[in-house]
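Undergrad: Starting from these lines, generate the structure:
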Amino acid sequence: MTMRSTRRQFAASAVAAMTLATLPSGLMASSQPFAGGKLHSFSDGSMNLPIDSVFYDIFDDDRQKFLKAAQVSDGIWRRPVNVNLLEIGERKILFDVGSGLNFLPTLGELPAALDAADVDISAITDVVFTHAHPDHIWGILDDFDDLLMPDAAYHINQAEWDFWDSDDAVTVMIPGRESFAVGAKSRFDKLRDQISFFQGGDEILSSIEAVDTSGHTPGHASFLIHNSAGPVLIAGDALTHPVISLEHPEWHDPADMDRGKAALTRKRLLDRLASDKIGLAATHLPAPGFGRVETNQSVWRYIAADS
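TA: Numbers count the residues shown, from 1 in each chain. Sure, this is the predicted structure:
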């Protein structure tokens, strides 16, 4: 047995030693019925950021409107990080992987959440990335910088890979976020032998269609799951807040890399979700992040699944 296998087994046994009773309630899974399988949501934790460090370029009047809409009263911007797992047929498909332990101290809970739900992480067959920001891709590595799911197949938009894999990525980052590019590139280096690429409109796996939702990042993708119980869109960061993204899609998210394109993408996506009655799952909507979009007098509203 190699040292690499021993290390991974050691890390896995440490997580397995945690009992359900000792886990925070935020780690618990939520599931939605799905013809032929289940769609789950797991928590990777929460991004808790000082509001001044996030929306540093918003004028005071707009800032106050934003804070009211976002229900921020203590100066801290809290964003849940939901990760979806689709179990259908013989496949267990994970959409993004959370951040791991090297991004923010309030994140990195996904492995424990999966374990608490008796999901064997080694049984994940596919990992599908919406994009390569830290809270979506950094979690592919374990504590020893090995792939946490070494036997899985990985899938990403070709445009997203090309951007983050280039030497120019670090130069276009907002000052202070250069680590986003460095971290993405280091993880891509681990994936080169088992990554598959797609473009918008491709059927990447059976009944899963890639949807071009670029703007937040150059190759951001969402995924439309076609299902007899009704279609569901895994939106990633195409929509990031239940009020702001819907009632004010023109307001930029702090992590949008192309603000104009991201705003157009949100508007097109909201129209489609409402008109086609597509279910919605998104990373930063209130946990567990399942719901739908409705429109009333040209104003979009997010309706949580349990509403």
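
Undergrad: what ranges of the stretch 201-307 of the chain fall below the confidence cut-off?
TA: Low-confidence segments of the stretch 201-307 of the chain, defined by pLDDT under 70: 307.

Undergrad: Tell me where it has helices.
TA: 244-247, 259-275 (DSSP state H, counting those that start in this stretch).

Undergrad: elements contacting the first one?
TA: Where contact means 3 or more Cβ pairs under 8 Å, 6 or more residues apart in numbering; DSSP states H and E, helix 244-247 is packed against helix 60-70, strand 299-304. C-beta here means a position set from N, CA and C on the backbone, and glycine is covered the same way.

Undergrad: got the buried residues for it?
TA: For helix 244-247, the neighbour count (16 or more other Cβ atoms under 10 Å) marks 244-246 as buried.

Undergrad: same thing with the longest one?
TA: Neighbour counts over helix 259-275 (16+ other Cβ under 10 Å) mark 261-263, 265-266, 269-270, 273-274 as buried.

Undergrad: Quick one: work out the angle between it and strand 299-304.
TA: 70 degrees (axes from the mean of the first three to the mean of the last three Cα atoms, to 10 degrees).

Undergrad: contact partners of helix 259-275?
TA: 211, 213-216, 220, 222, 233, 235, 238-239, 245-246, 249-253, 256, 278, 280, 292-295, 300 (Cβ atoms under 8 Å, 6 or more residues apart in numbering).

Undergrad: Could you tell me which of those count as buried?
TA: 211, 213-216, 220, 222, 233, 235, 238-239, 245-246, 249, 251-253, 256, 278, 280, 292-293, 300.

Undergrad: circling back to that earlier point, let me know which of the helices of the stretch 201-307 of the chain is the nearest to residue 89.
TA: helix 259-275 (25.9 Å; Cβ to Cβ).

Undergrad: What is the distance between that closest one and the centre of its chain?
TA: 18 Å (Cα atoms, centre = their mean, to the nearest Å).

Undergrad: Equivalent analysis for stretch 300-307, please.
TA: 19 Å.

Undergrad: can you list contacts of it?
TA: 32, 242-243, 245-247, 249, 270, 274, 279-280, 285-286, 288, 290-295.
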